[in-house]
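>>> sharing a sequence plus its predicted fold:
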2 protein chains.
Amino acid sequence: MPDLSVVQYNAVDNIFSLTVATMGAAALFLFMARGHVDPEYRPALLVSGLVVAIACYHYFMIRHSWHGAYALADGGYKGTGAAFNDFYRYADWILTVPLLMVELVAVLRLHASKATSLLTRLVIAAALMIALGYPGEVIADPARWNERRIWGGLSSIPFFYILYVLWTELTNSLESQPPAARKLLEIARLVILVTWAVYPIAFALGGTPEALAAKAGTADAAAGIVGAKGVVGLQIGYAVADITAKAGFGVLIYLIARAKSTKTSASEAYATA
Amino acid sequence: MPDLSVVQYNAVDNIFSLTVATMGAAALFLFMARGHVDPEYRPALLVSGLVVAIACYHYFMIRHSWHGAYALADGGYKGTGAAFNDFYRYADWILTVPLLMVELVAVLRLHASKATSLLTRLVIAAALMIALGYPGEVIADPARWNERRIWGGLSSIPFFYILYVLWTELTNSLESQPPAARKLLEIARLVILVTWAVYPIAFALGGTPEALAAKAGTADAAAGIVGAKGVVGLQIGYAVADITAKAGFGVLIYLIARAKSTKTSASEAYATA
C-alpha cells in the first residue's frame, strides 16, 4: 500500500463510515417501509433491504481491513504489510448484483413466465461478469497486461448485455406502468447507467501497464491501482457508486412501489408495519 | 496448523466472511418473508431462519478462531500455537441438523401423528450421528486408527438411516403435493443427497493413517487433515456445503411454501409479519 497523508487516510476512513451508516439506515427503512406499499410490491422492498444490509456488513469489514492495512508513523500513514482486502467487494457483488436484478424485476410486476426468463438471463450474466472479472483483477504482473485486458474484455460482454437488457426492458415496460411511476423508472434507468459505468472504469485504471508495473514493484496488488491519489480516488469512487447504486436505487424502488400502490392507504400500512 | 501462503490463508478467510454474510442475509430474508406464505407454512420459515442465524454466529466465531490460529510471518502465515477450534462445527450441527429435519417436515404438512413419529426418529438419529462421530473426530493418534474408523462407521449408520428416511418420505409425499411444489421437492431431495455427502468424505479424509501420523507429529489435530492444501480444501468444502445445505435449502423451503400457499395474498401476510 502506498504511503498516505493523514488527510488522505481519514478521507477514505470517513467515507467508509458514512457508507456503513447509509447502508444500515437504508436497510432499516426498506424493511420497515414494506407496510407502506401494496402487498405485491413488498417482496421488492424486502430484497432491496437485503442488498443494503449485505453492503452494510461488507463496508464495516472493508473499514476494519483499512484500519489493519495502515499505521500512523512520522506524521503520516504507512502500510503495515497486511493487505487491504479487496475481496470484500467481490463477495459483496456476488451476493448483491443478482439481488439488484431481483428487486428491479419484482417492482416491474411482469408476467410470471417473462419475469422468470428475464431473471434467469440476468443472474447468469451477472455471475459470468463477476467470475470473468476476478482473474483479471488479481493479475499484478505487467508482463501479463494483455491477459488482464482479455479477462476485462470477456467480463465486459455480460456487463454490456445486462445494461442492454435492463435498458430495453425498462423502456418497454414504461408503457404499461402508471404515469406516476414512469418518471421514476426513467430516473432508475439513468441511475443504473451512470453508477454502473464507474466499475469498468476503475477496473481499467488499475490495469494500465504503468499501474501494473507500479503494483508489481510496490506490492500494491490489493489496491488494484497505483499511488496514493489513485487509492484514495478509487476507494471514494467505489463508495459513492455503491451508495447510489444500492441505497439510492433502493429508495427509488420504494418510490416506484409507492407510486404504483393503489390499495394501501398509509394508515393501514403503519398499523401493520 | 500447517504453514499457509498468503493466498491460501486469504482464500479460507474470505470464504468464511462470505458465509457469514450469506447466512445473515438468508436469516433476515426467511424471518421477514414469513408473511408471503399461508399461515400453516410460517413455522417452517421461522425454523429455517433459525438454522441460518445459528450458522451465521458459528461462522463468525470460526473466522475469529482462524484469525487467532495464524499470524503473518516471513511473507506467509504460520500457526500461532492456538488451535483452530473445530468444535464450533459440531456445536452448529447439534443445533441445526435437528432443526433442518423440523423445517422439512413442517413444509411437507404431513398428518400430525405421522409427522411426530417421523420427526422423533430423525432427531434421535441425528443426535446419535453427531455423538458417535465426535469421539472419532478428536482421535489424533495413528495407533488408534481402527478406533477412529469404528466411530466413523457407527456414526454412518444413523447418517445413512436419515438419508434413507428423507429420500423415501420425500418420494412418497410427492403424490400428495401440488404440482407446483413437486419439482421443488425433487430439487430439495437432490440437494440433501449431494451436500450431505461432503461431511463423511471430509471425516474419512482426516482419518487415514498418513493424516493421523501427520496430525500427531505436527499438532495438526484441530484441522483434522494434513497439509496446507488439505486444510484449505477442507474449510472451503465445508463452507460451500453449509451455504448450500442451510441457506440454499432454506430458500428452497420458502419457494415450496410459496408454491403451496393458496390463501395468502401477500396483503394479509404482511399484517402478521
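Sure thing, it's come through.
>>> quick check on the closest residue to A:S261 other than its chain neighbours: phi, psi?
Closest residue to A:S261 apart from its sequence neighbours, by Cβ to Cβ, 6 or more residues apart in numbering or on different chains: A:D38 at 4.0 Å. For every residue, glycine as well, the C-beta is placed using N, CA and C. A:D38 has phi and psi values of phi -60, psi 150 when expressed as degrees, to the nearest 10.
>>> could you check the pLDDT of A:D38?
A:D38 is assigned a pLDDT of 92 by the prediction.
>>> give me the neighbour count for the residue of chain A found nearest chain B.
Of all residues in chain A, A:P39 sits closest to chain B, at 3.5 Å by Cβ to the nearest Cβ. Using other Cβ atoms under 10 Å in any protein chain shown, A:P39 has 21 other residues around it.
>>> and for A:S17?
Look at A:S17: counted by other Cβ under 10 Å, it has 13 neighbours.
>>> next one: A:G237
16.
>>> touching, the residue nearest to A:S261 and A:K263? I think so.
Yes: counting by Cβ atoms under 8 Å, A:D38 does reach A:K263; the two are 5.0 Å apart.
>>> the two: which is more packed in?
Of the pair A:D38 and A:K263, A:D38 is the one with more neighbours under other Cβ under 10 Å, namely 19 against 10.
>>> how much space between that one and A:G230?
47 Å (Cβ to Cβ, to the nearest Å).
>>> quick one: the helices in the stretch 1-150 of chain A?
Remark: helices assigned in the stretch 1-150 of chain A by DSSP state H, counting those that start in this stretch are A:6-32, A:42-69, A:87-108, A:112-137, A:145-174.
>>> check which helices and strands the third one is in contact with.
For helix A:87-108, the contact count by 3 or more Cβ pairs under 8 Å, 6 or more residues apart in numbering or on different chains; DSSP states H and E identifies helix A:42-69, helix A:112-137, helix A:145-174, helix A:249-260, helix B:6-32 as packing neighbours.
>>> among these, which is nearest A:G79?
Closest approach to A:G79 among these (Cβ to Cβ): helix A:42-69, 6.2 Å.
>>> count residues in the vicinity of A:Q177, would you?
Each residue near A:Q177 was counted by other Cβ under 10 Å, and the total is 19.
>>> which helix or which strand is home to it?
Assigned by DSSP states H and E, A:Q177 belongs to no helix or strand.
>>> any idea of the pLDDT on it?
pLDDT, read off for A:Q177, is 86.
>>> how about A:G206?
The model's pLDDT for A:G206 equals 65.
>>> also the one 3 residues further on?
Per-residue pLDDT puts A:P209 at 57.
>>> so who does A:F31 touch?
A:F31 is in contact with A:L45, A:L46, A:G49, B:L28, B:M32, counting by Cβ atoms under 8 Å, 6 or more residues apart in numbering or on different chains.
>>> now swap in A:A71 and tell me
A:Y77, A:K78, A:T80.
>>> ok, A:P98 next?
Listed by Cβ under 8 Å, 6+ apart, the contact partners of A:P98 are A:L122, A:V123, A:A126, A:A127.
>>> doesn't A:L163 make contact with the first one?
Yep, that's A:L122 we're talking about. No: the pair A:L122 and A:L163 does not pass the contact test of Cβ under 8 Å, sitting 10.6 Å apart.
>>> comparing these two, which residue is more hemmed in?
A:L122 (23 against 15).
>>> pLDDT score for the more buried one?
Reading off the confidence values, A:L122 has pLDDT 93.
>>> what of A:R148?
At A:R148, the predicted lDDT confidence score is 86.
>>> same question, the one 5 residues further on
What the model reports for A:G153 is a pLDDT of 93.
>>> check A:G49 too.
Listed pLDDT for A:G49 reads 98.
>>> who wins for neighbours among the contacts of A:A71?
A:Y77 (25 neighbours).
>>> where's that one relative to B:Y41, distance?
A:Y77 is 53 Å from B:Y41, by Cβ to Cβ.
>>> what does chain A have sitting close to chain B?
Counting by Cβ under 8 Å from any Cβ of the partner chain, the positions of chain A adjacent to chain B are A:31, A:34-35, A:38-40, A:42-43, A:46-47, A:49-50, A:53-54, A:57-58, A:61, A:81-83, A:85, A:87-88, A:91-92, A:94-95, A:263, A:272.
>>> quick one: buried ones out of those residues?
For these, a burial check counting by 16 or more other Cβ atoms under 10 Å in any protein chain shown picks out A:31, A:34-35, A:38-40, A:42-43, A:46-47, A:49-50, A:53-54, A:57-58, A:61, A:82-83, A:85, A:87-88, A:91-92, A:94-95, A:272.
>>> list the buried residues in the helix or strand A:I236 falls within.
Taking DSSP H and E as the criterion, A:I236 maps to helix A:228-242. For helix A:228-242, the neighbour count (16+ other Cβ under 10 Å) marks A:228, A:230-242 as buried.
>>> nearest residue to the middle of chain A?
A:D242 (4.1 Å; Cα atoms, centre = their mean).
>>> list the contacts for A:S5?
By Cβ under 8 Å, 6+ apart, A:S5 lies in contact with A:G76, A:Y77, A:A228.
>>> just the residues you listed now: which is nearest A:Y70?
Lowest distance from A:Y70 to the contacts of A:S5 (Cβ to Cβ) belongs to A:Y77, with 4.3 Å.
>>> list the contacts of the closest one.
A:Y77 makes contacts with A:D3, A:L4, A:S5, A:V6, A:Q8, A:Y9, A:Y70, A:A71, as judged by Cβ under 8 Å, 6+ apart.
>>> cutoff 7 Å now
By Cβ atoms under 7 Å, 6 or more residues apart in numbering or on different chains, A:Y77 lies in contact with A:D3, A:L4, A:V6, A:Y9, A:Y70, A:A71.
>>> skipping its backbone neighbours, what lies nearest the fourth one in space?
Read it as A:Y9. Nearest residue to A:Y9, sequence neighbours excluded (Cβ to Cβ, 6+ apart): A:Y77, at 4.1 Å.
>>> same question for the first one.
Across the structure, with Cβ to Cβ, 6+ apart as the measure, the residue nearest A:D3 apart from its sequence neighbours is A:K78 (5.4 Å).
>>> and that neighbour, how far is that from B:L104?
Note on A:K78: its distance to B:L104, by Cβ to Cβ, is 54 Å.
>>> swap in A:L18?
When distance is defined by Cβ to Cβ, A:L18 is 43 Å away from B:L104.
>>> what's the answer for A:V20, then?
In terms of Cβ to Cβ, A:V20 sits 37 Å off from B:L104.
>>> who has more neighbours out of the two?
Neighbour comparison, A:V20 and B:L104: the larger count goes to B:L104, with 25 against 20 (by other Cβ under 10 Å).
>>> circling back to that earlier point, what pLDDT does the residue nearest to the centre of chain A get?
We note a pLDDT of 94 for A:D242 in this prediction.
>>> surely it touches A:V52?
No: the criterion here is Cβ atoms under 7 Å, and A:D242 misses it with A:V52 at 9.5 Å.
>>> thinking again about what came up before, of all the helices and strands packed on helix A:87-108, which one is nearest B:P179?
By Cβ to Cβ (comparing all of these), the closest turns out to be helix A:112-137, at 14.7 Å.
>>> buried ones in the closest one?
Buried residues in helix A:112-137, defined by neighbour count with 16+ other Cβ under 10 Å: A:118-119, A:122-123, A:125-126, A:128-130, A:132-133, A:136-137.
>>> could you do stretch A:154-164 as well?
Neighbour-count burial for stretch A:154-164 [16+ other Cβ under 10 Å]: A:L154, A:S155, A:S156, A:P158, A:F159, A:Y161, A:I162.
>>> what's the answer for stretch A:10-24, then?
Quick answer for stretch A:10-24 (16+ other Cβ under 10 Å): A:A11, A:V12, A:D13, A:I15, A:F16, A:T19, A:V20, A:T22, A:M23, A:G24.
>>> what residues does it touch?
A:52, A:55-56, A:59-60, A:62-63, A:66, A:232, A:235-236, A:239, A:242-243, A:246-247.
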